[in-house]
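Q: What follows is a protein structure lacking sequence information:
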DNA sequence: TCTTGAACCTCACGTTACGTGAGGGTGTAG
DNA sequence: CTACACCCTCACGTAACGTGAGGTTCAAGA
């Protein structure tokens, strides 16, 4: 166990002001774990982790009060929270992509026609404002049920299996994308489809402990929520595999 | 020219509160263009466009005062500003991607070793805080020089040419990525390299009116700013083309 | 041991960007 | 001409800190 961190060190290493840490102390959001004789605040490494949570949740739009209540909830699970943060950050990226697309659309119309399309303007305006409400995140992702889901997955599936599956998907997707031009009837294409089906089954098996989670993920796919994230299978990829499987029937 | 918008309509169509519009009126940031006899505010379509700017710049972290000064600057160019916003939104996405990656890293280490790596924790903590400073954006993108650059490009390059070039790049990149496995000496690979060089030259020619802009973009490439954005050429793509060109010498 | 400068402490008021009523006028459909 | 949704102007409240003022503590060096 390393040394104590003084307030200035903690602030510097996390990129916040000392006043901010004072404020969090006042609110009871981040209390120093000890103090010197003279009353200087001393923080341990656990504080660092808690501060990471606070700052991430804050940039996701939660109020300090909401964060405080969340972190002190008895069912709060740090690992689950980190997974949720990954997920919400990914979603935020897609919202930004949509906003950017809306502006591109607006610009293109203007440059082509010479005047503004007011509907496109409102679309661009509302698009950029998406996902700034913290309460939504709170309800959607940090509800006790979701929290439990994510925690349960972490408990019941060995970490090595999750990682292995992720790696397999990465490799398979790379292969698929590099071979989209293949004839669906070719043996290489068929082999890819086989790997796809096996890996799908293995994934399903791993997440079996909570069928609800799989369902949630399935819905998100249908919403197109993962479109644009190249670590995930895309419409394109599905389409290719489908073509290969169809060729199998004929 | 369509009807006037009453304050409630404008608020609803842009997803902000009436109070917010009142506030912007007080600040002189967004003044109604007319009023009824009774003193009700009436907004025209120009207001919609100005509001789009305000809200986008606000989510990018600018203060209302800064936005006000920016929008009233004599050299302010709306088209240029929209282009800049696209660019900054893209950058913001990458920052989020990096933050997400930092959390993934943190999680993976924890799941593998069973304890926390404090350096990874601080990395995750600082990563999520990147790009929340509005002043940086102001200096980096809305400096008079940058503004002029973006405006000049819009003036001197026909919109159709810009769009055509973007389309060409999209198609070329798709082809390159689908054919990375090709032998660099094959005629198909050589053809791709030819298209790459022609398109590079065409792009350079288009942006010729402002060599400074090309230089800025070049620097950003070297910073890796576009890595992860698949609409732009990636390290991978450059590497492939380079291999093909090298094969040409031998 | 004593000094000295950086780092820290506690008030306490200031700021930004609105939220939230209170109390009262306006617009227009029937 | 009335009913009701919509709008007006104060004016105080709030969240999340910023910004000194004035004094104390810490740790390294003489």
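A: Happy to help now that I have it. All values derive from a computational prediction rather than experimental measurement. Numbering: from 1, shown residues only, chains lettered A, B, ... in the order given.

Q: measure residue A:116 to residue A:123 for me?
A: Going from residue A:116 to residue A:123 by Cβ to Cβ, to the nearest Å gives 12 Å. Glycine gets a C-beta too; all of them are placed from N, C-alpha and C.

Q: which residues are common contacts for the two?
A: The contact sets of residue A:116 and residue A:123 overlap at residue A:106 (Cβ atoms under 8 Å, 6 or more residues apart in numbering or on different chains).

Q: Look at these two and report which has more neighbours.
A: Neighbours per residue, other Cβ atoms under 10 Å in any protein chain shown: of residue A:116 and residue A:123, the larger number sits with residue A:123, 20 against 16.

Q: Could you say which helix or strand holds the more buried one?
A: Using DSSP states H and E, residue A:123 sits within helix A:118-127.

Q: Can you give me the buried ones in that helix?
A: A:120, A:121, A:122, A:123, A:124, A:125, A:126, A:127 (16 or more other Cβ atoms under 10 Å in any protein chain shown).

Q: Skipping adjacent residues, who's closest to the fifth one in space?
A: It stands for residue A:124. Spatial nearest neighbour of residue A:124, excluding adjacent residues (Cβ to Cβ, 6 or more residues apart in numbering or on different chains): residue A:102 at 4.2 Å.

Q: so how many other residues sit close to that neighbour?
A: Neighbourhood size, residue A:102 [other Cβ under 10 Å]: 23.

Q: and it, that's in a strand?
A: No - under the criterion used here (DSSP: H, G, I helix; E, B strand; the rest coil), residue A:102 is helix, not part of a strand.

Q: what sits against it?
A: Counting by Cβ under 8 Å, 6+ apart, residue A:102 makes contact with A:120, A:123, A:124, A:127, A:128.

Q: Against residue B:134, how distant is it?
A: Using Cβ to Cβ, one obtains 21 Å as the distance from residue A:102 to residue B:134.

Q: C-terminal to the helix holding residue A:123, what's the next element?
A: Following helix A:118-127 in sequence order, the next helix or strand is helix A:134-141 (DSSP H and E).

Q: domains in chain A, as residue ranges please.
A: The record's domain split for chain A, according to automatic domain parsing, is A:5-71, A:76-141, A:157-250.

Q: Isn't residue A:193 up against residue A:244?
A: Yes - contact between residue A:193 and residue A:244 holds when scored by Cβ atoms under 8 Å: they sit 4.2 Å apart.

Q: The two: which is more packed in?
A: residue A:244 (23 against 20).

Q: tell me which element that one is part of?
A: Going by DSSP H and E, residue A:244 is in helix A:235-249.

Q: Which other helices and strands does that helix contact?
A: Under the contact criterion of 3 or more Cβ pairs under 8 Å, 6 or more residues apart in numbering or on different chains; DSSP states H and E, helix A:235-249 touches helix A:159-178, helix A:187-206.

Q: The most centrally placed residue in chain A and residue B:80: what is the separation?
A: Geometric centre of chain A, nearest residue: residue A:87, 1.5 Å, by Cα atoms, centre = their mean. Residue A:87 sits 35 Å away from residue B:80, going by Cβ to Cβ.

Q: try residue A:128
A: From residue A:128 to residue B:80 the distance is 18 Å (Cβ to Cβ).

Q: cool, and residue A:143?
A: Taking Cβ to Cβ as the measure, residue A:143 falls 44 Å from residue B:80.

Q: Pull the number of nearby residues for residue A:98.
A: Residues near residue A:98, counting by other Cβ under 10 Å: 18.

Q: I'd assumed residue A:127 was in contact with it.
A: Yes - taking Cβ under 8 Å as the definition, residue A:98 is a contact partner of residue A:127 at 5.5 Å.

Q: ok, the residue in chain A that DNA strand D sits nearest to - how many residues close by?
A: Closest to DNA strand D within chain A is residue A:38: 2.3 Å, counting by Cβ to the nearest atom of the strand. Residue A:38: 5 surrounding residues under other Cβ under 10 Å.

Q: How about the secondary structure of it?
A: What three-state DSSP gives for residue A:38 is coil.

Q: separation between it and residue A:6?
A: Residue A:38 is 12 Å from residue A:6, by Cβ to Cβ.

Q: Low-confidence bits of chain A, can you list those?
A: Scanning chain A for pLDDT under 70 picks out the ranges A:1-2, A:154-160, A:162-163, A:207-232, A:250.

Q: Residue numbers of it in contact with DNA strand D?
A: For chain A, the residues in contact with DNA strand D (Cβ under 7 Å from any atom of the strand) are A:17, A:19-20, A:23, A:36-40, A:58, A:63-65.

Q: Quick one, which of these are buried?
A: With neighbours counted by 16+ other Cβ under 10 Å, those contain buried members at A:20, A:58.

Q: and which of the residues of chain A next to DNA strand D is nearest residue A:183?
A: For the residues of chain A next to DNA strand D, the closest approach to residue A:183 (Cβ to Cβ) belongs to residue A:58, at 52.4 Å.

Q: tell me the contacts of the residue nearest to that closest one when sequence neighbours are not counted?
A: In space, and not counting its chain neighbours, residue A:58 is closest to residue A:67: 6.6 Å by Cβ to Cβ, 6+ apart. Residue A:67 makes contact with A:29, A:53, A:54, A:57, A:58, according to Cβ under 8 Å, 6+ apart.

Q: re the thing from before, residue A:49: which of the residues of chain A next to DNA strand D is nearest?
A: Residue A:49 has its nearest neighbour among the residues of chain A next to DNA strand D in residue A:58, at 15.0 Å by Cβ to Cβ.

Q: thought that closest one was touching residue A:65?
A: No - with contact taken as Cβ under 8 Å, residue A:58 and residue A:65 are classed as non-touching, separated by 11.4 Å.
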